[in-house]
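*Asks:* give me coordinates for this.
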Amino acid sequence: MSRIGRLPVKIPAGVTVTREEQVLTVKGPKGELKLNINPEITVEIKDSEVLVTKDAETAIKKSLHGITRTLISNMMTGVTVGFFKKLEINGVGYKAVVQPTKLILNLGFSHPVEYPTPAGIVFKLDEEKKNLLTVSGVDKQLVGQVCAEIRAYRPPEPYKGKGIKYQDEHIRRKAGKSAAKAA
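*Replies:* Residues are numbered from 1 along each chain as shown. As a prediction, this is how the structure comes out:
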């Protein structure tokens, strides 16, 4: 039995959870999220908890059991607290500009890169450190996907560390060329 799947998900104060057929809707102070539930998994809303159950012990149902419970838990966290990731932009002349509908990145290319802001995502530049970009939203998967797409424009290189990296990411640095020793 899934150890994660059998734990009930507590519904925080200020959050409403409704279920219509195979769609679970979670509304909270930060927004609203919807989840399509696989028909092989049963989701029940009792008192102030959401219970996820399965009717058989097959491999697919075991994996669906745990992931469904985790997705519902992430939805609860997202609509109450939200999720965020921080990206560091390192390099001479590398910078980001936040506009209402897009993010403009200067990353050493001959042209600026424009990334349209997806619905539910907020970009924010740190006032003190201009090279620190915060990506936040209610959907954990969407926040991670947006960060991965932005990082893919210029991943950090191992010699000087130039590029876009996650704030807590460690880049393994390589030694550059070394001059031949004179004999």
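*Asks:* hang on, Ser63 in a strand?
*Replies:* No - applying DSSP: H, G, I helix; E, B strand; the rest coil, one finds Ser63 to be helix, outside a strand.
*Asks:* okay, and Thr70 sits in which element?
*Replies:* Using DSSP states H and E, Thr70 falls within helix 59-80.
*Asks:* give the next helix or strand downstream of that helix.
*Replies:* Taking DSSP H and E, what comes next after helix 59-80 is strand 83-90.
*Asks:* the inter-axis angle of that next one versus helix 59-80?
*Replies:* Per axes from the mean of the first three to the mean of the last three Cα atoms, to 10 degrees, the angle that strand 83-90 makes with helix 59-80 is 80 degrees.
*Asks:* output the contacting helices and strands for strand 83-90.
*Replies:* If you count contacts as 3 or more Cβ pairs under 8 Å, 6 or more residues apart in numbering; DSSP states H and E, strand 83-90 packs onto strand 132-137, helix 140-153, strand 163-166. Placement of C-beta: from N, CA and C, glycine included.
*Asks:* let me see the mean pLDDT of it.
*Replies:* For strand 83-90, the mean per-residue pLDDT is 94.
*Asks:* buried stuff in that strand?
*Replies:* Buried residues in strand 83-90, counting neighbours by 16 or more other Cβ atoms under 10 Å, are found at 83, 85-90.
*Asks:* which outside residues touch stretch 106-123?
*Replies:* Contacts to stretch 106-123, defined as Cβ atoms under 8 Å, 6 or more residues apart in numbering, come from residues 31, 89, 91, 93-98, 100-105, 133-139, 142-143, 146, 149-150, 153-154, 162-164.
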